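> Got a predicted structure plus its sequence, pasted below:
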Amino acid sequence: MIVCTNCRKEMVCCRTGVLVLFGTSHGYAGDEFECPECGNKTIDTNASPYQVPPLQVEAARESGRLREMP
Ligand SMILES: [Zn+2]
């Protein structure tokens, strides 16, 4: 269970298959969760990164599932 630290409410999954991308090719697959009370969001990712081909990055961007890290 994922809990919002602000509201103490259980967060609900709002998007699956999110790609959290570091740099140009180092990514983690994850699901995005949202607090039903305050709208706070978080992403729960797999523990291991993988190398992401450029076509997969573009597909994730077009579907709104790309989260690029600074
Ligand atoms: Zn909240």
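Looks like it arrived, so ask away.
> now for the lengthiest strand in the chain, which elements pack on it?
In the chain, with assignment by DSSP state E, the single longest strand is strand 12-22. Using 3 or more CB pairs under 8 Å, 6 or more residues apart in numbering; DSSP states H and E, the elements in contact with strand 12-22 are strand 26-34, strand 41-45, helix 54-62, strand 66-68. Just so you know, the C-beta spots here come from the backbone N, C-alpha and C atoms, and that holds for glycine as well.
> Which among these is found nearest to the ion?
Ranking those by their distance to the ion (criterion: CB to the ion) puts strand 26-34 first, at 8.8 Å.
> Please name the strands paired to the closest one in the sheet, noting orientation.
Its sheet considered, strand 26-34 pairs with strand 12-22 (antiparallel), strand 41-45 (antiparallel), strand 50-51 (antiparallel) by DSSP bridges.
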